[in-house]
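S.K.: need a structure here:
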Amino acid sequence: MCLTLNRECLLPDDMLQPETMNMLQPDATEIMLNNHPYREQYHFAVLTQYMRQYIRAMQSGHLFLPSSDNSVKPSPLYHSITGRLKTWYHAQQRNVVSALPTAHTFAGVTDSVHLRLCYNAVRLVVLFQFLQLQRLPPHDILIDCLETNLVLLQALQHLRDIGCDQSTYHHMFFAIHNTAKRIYAYDHVPELKPYARDQLWMNLSLLKGTQAYINDVFKVRIYAEKIEQQFSEELQLPLNDLPVMSSGLRLLHAIPSGPEQEDIQQPAIFVFRSKDISRPRPRRQLAKKSRAPAEIRI
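M.R.: As a prediction, this is how the structure comes out:
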């Protein structure tokens with residue numbers, strides 16, 4: 001919310017260890033941070049440092065590169081912050097298998113689903129700043145937006161599968177929708193329209209399948225109705241004309257991307273599913289299921 005509202009985060013510029021750690025043995029800090037609850041809280045605190053850097057770049061007007069043509073390009077400061085953020089996050093992913101043996105597994109990656117969601121949410125909020133109507137963003141920014149959207153959709157699907165009502169993340173559905181809608185509106189990249197269209201449809205279907213929608217938490221039903229109206233009024237995409245599942249998304253990473261793009265490992269098959277959460281299976285069935293090839297259900 002601080003990043004969205006362009007406000008400062010209430011944390012120091014330099015990340016400090018908790019004061020209680022000073023009373024512990026020298027090696028206790030490492031043990032404490034390797035413990036799942038402490039480590040995850042510390043990672044969220046570190047993530048806010050990068051949020052603050054992005055906020056200051058926005059406030060100072062240094063997020064964009066000055067341009068005389070009808071385009072909006074990221075500045076060297078943006079690339080610097082984003083590069084360090086990616087390096088930090090990938091380092092956490094490399095260590096997560098040994099440090100967090102109980103972490104959730106989804107999309108073929110063992111990781112903390114909440115840290116993964118927040119990391120990609122931060123990236124999406126920043127990337128959306130480049131999706132301006134009057135000034136065209138570069139192609140690699142558009143690809144980055146679609147990739148980040150896809151990772152968020154996978155994580156939200158995982159939360160639904162494990163029984164989370166997703167009321168905490170209800171705003172993410174709107175962020176994903178607005179990002180895909182903006183890309184779909186660009187006429188200069190017709191090759192990306194099918195990917196944006198599929199993400200619009202999958203996002204709406206996921207939203208309507210959550211417990212937050214069923215129980216109307218935070219008036220989610222009203223927002224879902226507004227999204228449905230945009231399909232026909234703004235996007236000229238009637239819901240009954242949209243494909244149930246398009247094979248286009250699994251080819252997303254075949255699109256040439258710039259050298260700044262990070263490699264996100266994606267599965268080869270996407271299975272669209274709109275039914276409610278299934279009941280827990282017996283342990284024996286789960287064991288058999290784990291031996292089957294993994295697939296993402298969106």
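S.K.: okay, buried residues for stretch 228-237 please.
M.R.: Under the neighbour-count criterion of 16 or more other C-beta atoms under 10 Å, stretch 228-237 has Q230, F231, L235, L237 buried. To be clear about C-beta, it is placed using only N, CA and C from the backbone, and glycine gets the same treatment.
S.K.: now do the same end-to-end measure for that stretch.
M.R.: With C-alpha to C-alpha, to the nearest Å as the measure, stretch 228-237 spans 9 Å from end to end.
S.K.: hmm, who's touching it?
M.R.: Residues outside stretch 228-237 that contact it (C-beta atoms under 8 Å, 6 or more residues apart in numbering): H177, K181, Y184, A185, R197, L200, L204, P238, L239, L242.
S.K.: of those, which pair is most distant in space?
M.R.: The span of the contacts of stretch 228-237, defined through C-beta to C-beta, is set by A185 and L239 at 18.1 Å.
S.K.: residues contacting H188?
M.R.: Contact analysis of H188 by C-beta under 8 Å, 6+ apart lists L136.
S.K.: just the pLDDT at it, thanks.
M.R.: Looking at H188, its pLDDT is 90.
S.K.: what about it, distance to N178?
M.R.: Going from H188 to N178 by C-beta to C-beta, to the nearest Å gives 19 Å.
S.K.: buried sites along the one helix or strand W88 maps to?
M.R.: Using DSSP states H and E, the element containing W88 is helix 76-99. For helix 76-99, the neighbour count (16+ other C-beta under 10 Å) marks L77, Y78, I81, T82, L85, Y89, Q92, V96 as buried.
S.K.: do stretch 45-60 as well
M.R.: Across stretch 45-60, burial judged by 16+ other C-beta under 10 Å covers L47, T48, Q49, Y50, M51, R52, Q53, Y54, I55, R56, A57, M58.
S.K.: ditto for stretch 214-228
M.R.: By neighbour count on 16+ other C-beta under 10 Å, the buried set for stretch 214-228 is V217, V220, R221, Y223, A224, I227.
S.K.: from L142, how far off is the fourth one?
M.R.: Here the distance between Y223 and L142 works out to 25 Å (C-beta to C-beta).
S.K.: hey, where'd the helices end up in the chain?
M.R.: 28-34, 36-60, 76-99, 113-128, 139-161, 170-185, 193-208, 211-214, 220-233, 283-290 (DSSP state H).
S.K.: what residue ranges in the stretch 101-250 of the chain score low on pLDDT?
M.R.: Where the stretch 101-250 of the chain drops to pLDDT under 70, the residues are 101-111, 241-250.
S.K.: now do the contacts for L204.
M.R.: When contacts are counted by C-beta under 8 Å, 6+ apart, L204 touches H177, A224, I227, E228, F231.
S.K.: please redo it, this time with the cut-off set to 10 Å
M.R.: By C-beta atoms under 10 Å, 6 or more residues apart in numbering, the contact set of L204 is F173, I176, H177, A224, I227, E228, Q230, F231, L239, L242, S274.
S.K.: of these, which is the nearest to Q129?
M.R.: Nearest to Q129 among the contacts of L204 is I176, at 15.8 Å by C-beta to C-beta.
S.K.: burial count for the residue lying closest to the closest one once chain neighbours are set aside?
M.R.: Once flanking residues are discounted, I176 sits nearest to N203: 4.7 Å by C-beta to C-beta, 6 or more residues apart in numbering. Number of residues near N203 (other C-beta atoms under 10 Å) recorded here: 26.
S.K.: mind listing what N203 touches?
M.R.: For N203, the contacting residues are 149, 152-153, 156, 172-181, 227, 298, by C-beta under 10 Å, 6+ apart.
S.K.: roughly how far does L115 sit from Y195?
M.R.: From L115 across to Y195, the span is 26 Å (C-beta to C-beta).
S.K.: among these two, which residue is more densely surrounded?
M.R.: Set side by side, L115 and Y195 show more neighbours around Y195, with 25 against 20, by other C-beta under 10 Å.
S.K.: re earlier: save the buried residues of stretch 45-60 as CSV, and put in pLDDT too.
M.R.: As requested, the buried residues of stretch 45-60 are exported to CSV (pLDDT from 0 to 100):
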residue, pLDDT
L47, 90
T48, 86
Q49, 87
Y50, 92
M51, 90
R52, 88
Q53, 92
Y54, 94
I55, 90
R56, 91
A57, 94
M58, 92
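S.K.: can I get the residues you listed in CSV including distance to S67?
M.R.: Listed next are the buried residues of stretch 45-60 as CSV, based on distance: C-beta to C-beta, whole Å:
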residue, distance to S67
L47, 30
T48, 30
Q49, 29
Y50, 25
M51, 25
R52, 26
Q53, 22
Y54, 20
I55, 22
R56, 21
A57, 16
M58, 17
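S.K.: which two of those residues have the greatest separation?
M.R.: Spanning the widest gap among the buried residues of stretch 45-60 are L47 and M58, at 16.8 Å by C-beta to C-beta.
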